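Undergrad: With the input below, show me the fold.
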Amino acid sequence: MKQLKTICCIALAAAATGCLASSAQAESISDAMSRAVFEQSGDIYRNTGIDRQFTLLFGLSYPDLEAVNDSRSVNRIYQDLIRQRGGEPVRTRDLPNPFNTSLSENPPVR
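TA: Purely as a prediction, here's the structure:
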């Protein structure tokens, strides 16, 4: 009987842990984009360290490829958001242009 009680307590604890883990909030769009932008290429604080300079000097890291990979991550998040929203990006009309003439058409007044 005592073993059954112990097993039930362990199962209850495992179920409670699973419920708590599943109730955690998803990452916000802003946080996901910020993470994707600096995921591989890093920020200025991470890129000025001696370890970063060492990897650049000996060709262990390629900043251009890191930037490309970060851009791909941002694009994947963007495309996923568009897909979740249900379709094409929202397109709006351009605002009217208040500058209808060119400077070369109107010579300066002297």
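
Undergrad: From now on I want contacts and neighbour counts done on CA atoms only, so please keep to that.
TA: Will do.

Undergrad: Look at residue 73 and say how many residues are nearby.
TA: 20 (other C-alpha atoms under 10 Å).

Undergrad: In contact with it, which residues are there?
TA: 36-37 (C-alpha atoms under 8 Å, 6 or more residues apart in numbering).

Undergrad: which parts of stretch 62-72 are buried?
TA: By neighbour count on 16 or more other C-alpha atoms under 10 Å, the buried set for stretch 62-72 is 66-67, 69-71.

Undergrad: What is the burial count for residue 75?
TA: Residue 75: 14 neighbours (other C-alpha under 10 Å).

Undergrad: quick one: which of the buried residues of stretch 62-72 is nearest residue 36?
TA: Set against residue 36, the nearest of the buried residues of stretch 62-72 by C-alpha to C-alpha is residue 70 (5.8 Å).

Undergrad: Which of the three states applies to that closest one?
TA: Under the three-state scheme (DSSP: H, G, I helix; E, B strand; the rest coil), residue 70 adopts helix.

Undergrad: ok, now how distant is it from residue 77?
TA: Distance from residue 70 to residue 77, counting by C-alpha to C-alpha, to the nearest Å: 11 Å.

Undergrad: Which secondary structure element of the chain has the lowest mean pLDDT?
TA: In the chain, the helix or strand scored least confidently by mean pLDDT, DSSP states H and E is helix 2-22, which has a mean of 49.

Undergrad: What's the first helix or strand after that one?
TA: helix 29-37 (DSSP states H and E).

Undergrad: Alpha carbons only: can I get that following helix in PDB?
TA: Taking C-alpha atoms only, helix 29-37 is exported to PDB below (Å, rounded to 0.1, in the frame of the first residue of the first chain):
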ATOM      1  CA  ILE A  29       7.400  38.200 -31.800                       C
ATOM      2  CA  SER A  30       9.700  41.000 -30.800                       C
ATOM      3  CA  ASP A  31      11.900  38.600 -28.700                       C
ATOM      4  CA  ALA A  32      12.000  36.000 -31.500                       C
ATOM      5  CA  MET A  33      13.100  38.600 -34.000                       C
ATOM      6  CA  SER A  34      15.800  40.100 -31.700                       C
ATOM      7  CA  ARG A  35      17.100  36.600 -30.900                       C
ATOM      8  CA  ALA A  36      17.200  35.800 -34.600                       C
ATOM      9  CA  VAL A  37      19.000  39.000 -35.600                       C
END
